[in-house]
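Trainee: This is a predicted model, with the sequence first.
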Amino acid sequence: MCFPLSLFAQSEGFFSNLDSALANPERVITLSLCRQRLKEVPQKISNLKNLQRLILYRNDLKSLPKELSYLPQLHYIDISSNYIDSLPKEMAALPLDTIIAWDNHIRSFPQEFSTLSNSLKYLDLRAIPMNKQEQKAIKELFPQAKTRMAHPCNCNRYW
């Protein structure tokens, strides 16, 4: 969800502008950079050590940098409506409890993500064509998570 700045005061830790966030790095709890046509995640985000929620909804991202793993408090990430086909294995070290990644190309997770098997509570992978085996493997990797997926298809990988 892309929140307009007027709904959240920056004093509450919500920032929708990277420059403002970098000027107040210790105060940033939530950073929303949705709908900004980003082609890559700015590496400066890794300076926001108190960041807990990162919202990158509806950009033009094809990958995420492994430097996101330098955010020790990041527990929520929304990367919906991008072009991402995998997550860096380094992100498995984060205390993630929510991954919202619908409308991407993610069909599997690195085995390192098994470390999140008990902590991940919500995983949204809707609008991603997957067959039953791919869906089963993801559900087995995250048995405690509420997982949302589209109906399985007899689809061939087409991207």
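Mentor: Nice, I can see it. Residues are numbered from 1 along each chain as shown.
Trainee: Buried by neighbour count: which residues of the helix ranked longest in the chain qualify?
Mentor: As assigned by DSSP state H, the longest helix anywhere in the chain is helix 132-141. Within helix 132-141, the residues that qualify as buried by neighbour count (16 or more other Cβ atoms under 10 Å) are E134, Q135, I138, L141. (Each C-beta comes from the backbone N, C-alpha and C, glycine too.)
Trainee: pLDDT value on the second one, please?
Mentor: According to the predicted model, the pLDDT of Q135 comes to 96.
Trainee: wait, isn't it in contact with C153?
Mentor: No: Q135 is beyond contact range of C153, at 9.8 Å (criterion: Cβ atoms under 8 Å).
Trainee: Which strands or helices does the longest helix of the chain pack on?
Mentor: Helix 132-141 sits against strand 146-149, with contacts defined as 3 or more Cβ pairs under 8 Å, 6 or more residues apart in numbering; DSSP states H and E.
Trainee: what comes up buried for the strand it packs on?
Mentor: T147, M149.
Trainee: which residues touch stretch 106-124?
Mentor: 80, 84-93, 95-102, 125, 128, 130, 134, 137-138, 141-148, 157 (Cβ atoms under 8 Å, 6 or more residues apart in numbering).
Trainee: Ok, stretch 34-47 next?
Mentor: Against stretch 34-47 from outside (Cβ under 8 Å, 6+ apart): 1-2, 18, 22, 25, 31, 51, 54-65, 67-68, 70-71, 78.
Trainee: Got a PyMOL select line for the buried ones in those?
Mentor: For the buried members of the contacts of stretch 34-47, the matching PyMOL selection, counting by 16+ other Cβ under 10 Å, is:
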select buried, resi 18+22+31+51+54+55+56+57+58+59+61+64+65+67+68+70+71+78
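Trainee: From the contacts of stretch 34-47, which land in strands?
Mentor: L31, L54, I55, D78 (DSSP state E).
Trainee: Distance to E40 added to the buried residues of helix 132-141, as JSON lines?
Mentor: Supplementary listing: the buried residues of helix 132-141 in JSON lines, determined by distance: Cβ to Cβ, whole Å:
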{"residue": "E134", "distance to E40": "27"}
{"residue": "Q135", "distance to E40": "29"}
{"residue": "I138", "distance to E40": "26"}
{"residue": "L141", "distance to E40": "27"}
